[in-house]
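Engineer: Pasting the sequence and the predicted coordinates here, then a few questions.
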Amino acid sequence: MNKKILAVLSSVLVIFGLVACSNGNHAQNSNSDEHRHHESTFTVGFDASFPPYGFKQDGEYVGFDLDLAQEVAKRQGWELVKQPIDWDSKDAELNAGTVDCLWNGFTMTGREDKYTFSKPYVNNSIVVVVKADSKIQKAEQLAGKNVIVQADSSGLAALKSDANKSLVAKFGNLTEVPEYDSAFMTLQSGAADAVVVDQPVASFQLNSRGADKFRVLEDPIQVEEYGIGFKKGNTQLRDKVQQSLDEMKKDGTFLKLAKKYEIEDSVIE
C-alpha cells in the first residue's frame, strides 16, 4: 500500500479513537454530574404563600423552612437561593435542575418512592377549617358543601387518598385554588363552607386573620410527616443537608427556629 495512503488512514483512525474516548468520558461525566448542584449555591424551591414555612413579609421571603435552609447553607459554605415556584410545577423544576430540592412543608406520605427524602422533621395533620359560626362539627357534615383546597398540596393528596374517597364523594363541590390566602378569603366571604389545609398553616391563618373568625374541626382527616424532597437518587446532596440539620438539632438551633414560628409542638427533634 502506498505509504502516503497508509499515513492518512492511520491519522483518521487516531482521530476516531480520540473522538470515541472523548464521547465516552463525556457520558461518564454526565452520569456522575446528573445530581450535582452548583458548588457555591443551594437553590431551594418553595411555595411563597405557605406560611409559616415559606411566605413573603415586608418584601422578603421568610419562614421556618427558609430559615432552616439559610442555616444549612451557612454551615455548608453555600449561598442560599430562595426560588419561589408554582407548586403545580414542582416536579418539573426539580427534574430540570432549576432547584436543588423542594423544601416547604413537603409531605412525604404517599411520595416516598418519587423522591429522595431527608429524615422527617415535622409531624403534620391535615385539618378542616370552617367559619366560627358554622354548624359543621365533623368532616362527615361536609356532605353537599363547597370545600376548597390548594392545588397539588398535601391537603389535596389527603383528600384523594383511598381513606377519604367516600368523604370527598359526598362534597357538593371541591375547588382547587393556587394558594391558601385566597382560600381563606373565600371562606371568610361565605362563598365556601370549608378549607382543607395543613395544621400549622391553619394556625398561622387563624392568628393573622383573627382566631375568632374561624374554627378547626377537632379530628384531622390525615396525619403525616414533612421532609425535604431531592431528585430521586441524589443522596449526596441529601446527606450533606441532613448532616447540617442533625447538627442543628443537637446544638438547639433547630428548636430555636421552630419556637420563632410557634410550631415547636409539631417538630421532630
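Structural biologist: The structure has been received and is ready for your questions.
Engineer: mind checking the backbone torsions on the spatially most central residue of the chain?
Structural biologist: When CA atoms, centre = their mean is applied to the chain, the residue found nearest the centroid is F106 (3.5 Å). Backbone torsions for F106, taken as degrees, to the nearest 10, come to phi -90, psi 110.
Engineer: That one touches G229, doesn't it?
Structural biologist: Yes - here F106 reaches G229: they are 5.0 Å apart, a contact under CB atoms under 8 Å. Where C-beta positions appear, they are placed from N, C-alpha and C, glycine not excepted.
Engineer: before we move on, back to that, what sits against the residue nearest to the centre of the chain?
Structural biologist: By CB atoms under 8 Å, 6 or more residues apart in numbering, the residues touching F106 are 154, 226-229.
Engineer: Using TSV, please lay out those together with secondary structure.
Structural biologist: Converted to TSV, the contacts of F106 look like this (DSSP: H, G, I helix; E, B strand; the rest coil):
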residue	secondary structure
S154	helix
Y226	strand
G227	coil
I228	coil
G229	strand
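Engineer: Can you name the next helix or strand after the worst-scoring helix or strand of the chain on mean pLDDT?
Structural biologist: Ranking every helix and strand in the chain by mean pLDDT, DSSP states H and E puts helix 3-32 at the bottom, with a mean of 43. Going down the chain from helix 3-32, the next helix or strand is strand 41-46, by DSSP states H and E.
Engineer: The stretch 51-200 of the chain: helices as residue ranges?
Structural biologist: If DSSP state H, counting those that start in this stretch is used as the criterion, the helices of the stretch 51-200 of the chain fall at 64-76, 90-96, 154-160, 165-169, 180-189, 199-209.
Engineer: so can I have JSON lines of these showing distance to D251 and mean neighbour count?
Structural biologist: Shown next, in JSON lines, are these (distance: least, CB to CB, whole Å; neighbours: other CB atoms under 10 Å):
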{"stretch": "helix 64-76", "distance to D251": "10", "mean neighbour count": "20"}
{"stretch": "helix 90-96", "distance to D251": "30", "mean neighbour count": "15"}
{"stretch": "helix 154-160", "distance to D251": "29", "mean neighbour count": "21"}
{"stretch": "helix 165-169", "distance to D251": "43", "mean neighbour count": "12"}
{"stretch": "helix 180-189", "distance to D251": "33", "mean neighbour count": "19"}
{"stretch": "helix 199-209", "distance to D251": "23", "mean neighbour count": "20"}
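Engineer: Nice, that's everything, thank you.
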